[in-house]
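Q: below are the sequence and a predicted model for it; my questions follow.
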Amino acid sequence: MKRTLELQTPDPGDPGVAPGLLERIPMLPRSPARFPAGREFQLRLTHVPSRMVPKVTGWLIALAVCACLTGCFGFLEPARPIARRFVLTALPAATPVTVAPDALCVGVGPVKLPPYLFDTSLAVRKGTNEVDYLPWALWAERLDRGVQRVLAANLSTLLPTDQIRLGAWRSNDVSAEVYVAIGQFDVDAGGRGVLVAWWRILSPGGEKTLKAGESRFERQGPSPNTDPCGAIAVLSELVADLSRQMAQAIKETTPAIR
């Protein structure tokens, strides 16, 4: 039994091209990987027009050039946005006033955040149950510490005192203790910012809850995709709204503290 293998070579009719070859391979030795033993195979070299050779070569060269330009040279890739880092900002400081030695002193405890706000990138809400992040808009500080810092600074501006404590303090060092737990703090693609928080005002040492509440604030600003700085400003204004509400609650509970 014979089998024929065909290979294509340039057309012998073209000038400078050698004629085709016909080779017979009789009784190849037994080879388990190539041909079964005891059979003849005929190798036939057929011809193709030589004008196809430069066309194929040109196509291969064009494909190679495209692959190099798109895969090897980064200057042809779209430019990526440069990462920017942001912080929340506090209310403008009030005009300094003389504060009595026994003035109200407030301790601002650590602010609790939901896990989705632990990411270092700005969170952008895409729906009720979906959140995305802008990888090139980064927080320059931990967000929980940033909210605590701005809340304390705002209370110092809104209350008739400059005595605001952060972190650990002794119970007899403060007149009230403030604690905040945030449930939502983000902007959506359209620039609408939302802050949802639960807060408590406690007596020194946390022995008594003087006042507690849940707050929800919304503000409209620019899209974070086109103006991330404007989106951060909206978030700062939301913290200011919360600070005003808490400052009023502290003023209302001050007589009970004393």
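A: It's in. Numbering: from 1, shown residues only.

Q: where does the stretch 1-150 of the chain have low pLDDT?
A: 1-60, 63-80, 95-102 (pLDDT under 70).

Q: try 90
A: 1-82, 93-104, 127-128 (pLDDT under 90).

Q: any idea which helix is longest in the protein?
A: Looking across the chain with DSSP state H, the single longest helix is helix 228-257.

Q: and the protein, what are its domains?
A: As given by automatic domain parsing, the domain ranges for the chain are 2-76, 84-257.

Q: elements contacting the longest helix of the chain?
A: Helices and strands touching helix 228-257, by 3 or more Cβ pairs under 8 Å, 6 or more residues apart in numbering; DSSP states H and E, are strand 84-86, strand 121-125, strand 131-139, helix 143-158, strand 176-188, strand 192-202, strand 209-220. The C-beta positions use only the backbone N, C-alpha and C, and glycine is treated the same way.

Q: within its sheet, name the partner strands of the last one and how each one runs.
A: Okay, so that is strand 209-220. strand 192-202 (antiparallel) (DSSP bridges).

Q: next one: the first one
A: Next to strand 84-86 in the sheet, as set by DSSP bridges, lie strand 131-139 (parallel).

Q: ok, and for the partner strand, which residues are buried?
A: 131-132, 134, 137-139 (16 or more other Cβ atoms under 10 Å).

Q: how about these in TSV, adding distance to residue 195?
A: TSV is the format used below for the buried residues of strand 131-139 (distance: Cβ to Cβ, whole Å):
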residue	distance to residue 195
131	15
132	19
134	18
137	18
138	20
139	16
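
Q: returning to that earlier point: now distance to residue 94 too, for the helices and strands packed on helix 228-257, in CSV please.
A: Formatted as CSV, the helices and strands packed on helix 228-257 follow (distance: least, Cβ to Cβ, whole Å):
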stretch, distance to residue 94
strand 84-86, 25
strand 121-125, 29
strand 131-139, 27
helix 143-158, 5
strand 176-188, 19
strand 192-202, 21
strand 209-220, 22
